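1. I'd like to go over a predicted model; first the sequence, then the structure.
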Amino acid sequence: MEATAPAAWSTARSAVLVGAVWGATNALLRRAQPRDDDAREAHQRKRRRRRRARPLPLRDDERRRRWWAPPADVCAAVRSPAWLAAWAANQAGSAVFYYTLRSSDLSLAVPVTQASTLAFTAVTARALGEPGAGSPLAWLGIALVGAGVVLMTVGAAT
């Protein structure tokens, strides 16, 4: 489907909105994610309490830790209100993205969303003070991707 000028700009505006939400929540999810050590330590404490109540069959502790690590990480993340709020905002962005895809040109919406997500992730990570966020080469790359997206939007609008 060929995009008309108003439709192309409307698609780009919606895609940038989705990219802003996704980019901000990417950095917020990383920051709110509980440390692996905290989740594993909580599991170890719980397991020690259970062991006192009834002895477990002897098994390799390392194998047990490897098995439990992913579920423990998920449980710890779900218990974190900051992580849940960021995840809910991310899912709201996904709903807007699917609505945008329903009513727009796919070849315009997806690249604009991806480029703006990249840019907003870098900006939010820099604002949150993440180490290594926003090196000069990263900003140059973001500027070049942004210029390409603008050119693509202008091309679709004409």
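-> Great, that's in hand. Numbers count the residues shown, from 1 in each chain.
2. what's the distance between the spatially most central residue of the chain and residue 93?
-> For the chain, residue 26 is the residue whose C-alpha lies nearest the centre (Cα atoms, centre = their mean; 3.2 Å). As judged by Cβ to Cβ, to the nearest Å, residue 26 and residue 93 stand 10 Å apart. Placement of C-beta: from N, CA and C, glycine included.
3. How is this structure divided into domains?
-> The chain breaks down into these domains under automatic domain parsing: 1-33+81-158, 38-79.
4. so where is the protein shaky, pLDDT-wise?
-> 1-5, 35-70 (pLDDT under 70).
5. let's see 50
-> Under the criterion pLDDT under 50, the flagged ranges of the chain are 1, 58.
6. mind listing the helices for it?
-> 5-32, 36-53, 61-78, 81-102, 106-128, 136-157 (DSSP state H).
7. Next, the buried residues of the first one.
-> In other words, helix 5-32. 7-9, 11-12, 14-29, 32 (16 or more other Cβ atoms under 10 Å).
8. now that helix against helix 136-157, angle please.
-> 150 degrees (axes from the mean of the first three to the mean of the last three Cα atoms, to 10 degrees).
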